[in-house]
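Asker: whatever this is, show me its structure:
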Amino acid sequence: MSKEINEKNKDRLESIFKLQKSLSGMMKLDRYPKDSEGRISVLCTAIIHEAVELQRTTNWKWWKLPVEFNHAEAKEELIDIWHFVVQASLELNLTPDDILEEYKKKNDINRERQRNGY
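Answerer: A predicted model of the protein is given here:
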């Protein structure tokens, strides 16, 4: 990937992080856990529930008559997941640069696993 593309994508991720930080600053957080582990735990729960909401937009129930897939609704649920993933990243003090580096490391591991018949 070219350096120009990397910088553009990093800028976009930094914009997402800034938006999330701003949103977090607006929220009433009296019920939000005070400890880091507790916050990560509730964010994981939120991600799981939003993933279920995303799944509900699909025709995964083979015993039901299928309905037309609603892309707009699916996108909204996916973005809900992104909100919680970004917040978890902030809670773990990950920067966009950190995420890119961690992603590259894990991507290399996954590629090696595929080459080795994982």
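Asker: my read: residue 36 touches residue 88, true?
Answerer: No - checked against Cβ atoms under 8 Å, the pair residue 36 and residue 88 is beyond contact range at 10.4 Å. For every residue, glycine as well, the C-beta is placed using N, CA and C.
Asker: more neighbours, these two?
Answerer: Between residue 36 and residue 88, counting by other Cβ atoms under 10 Å, residue 88 is the more crowded of the two (17 against 11).
Asker: next, the buried residues of the helix or strand of the chain with the lowest mean pLDDT.
Answerer: Lowest by mean pLDDT, DSSP states H and E among the helices and strands of the chain is helix 3-26, with a mean of 85. Counting neighbours by 16 or more other Cβ atoms under 10 Å, one finds that the buried residues in helix 3-26 are 13, 16-17, 20.
Asker: for stretch 54-68, same thing?
Answerer: For stretch 54-68, by 16+ other Cβ under 10 Å, it's 54, 57.
Asker: residues in contact with that stretch?
Answerer: Residues from elsewhere that reach stretch 54-68, judged by Cβ atoms under 8 Å, 6 or more residues apart in numbering: 69-70, 73-74, 77-78, 80-81.
Asker: among these, which are located in helices?
Answerer: Judged by DSSP state H, the contacts of stretch 54-68 include 73-74, 77-78, 80-81 as members of helices.
Asker: may I see the ChimeraX selection of the buried members of those residues?
Answerer: Here is the ChimeraX command that selects only those of these that count as buried (16+ other Cβ under 10 Å):
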select :74,77,80,81
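Asker: what is the nearest of the ones in helices among the contacts of stretch 54-68 to residue 52?
Answerer: residue 77 (9.0 Å; Cβ to Cβ).
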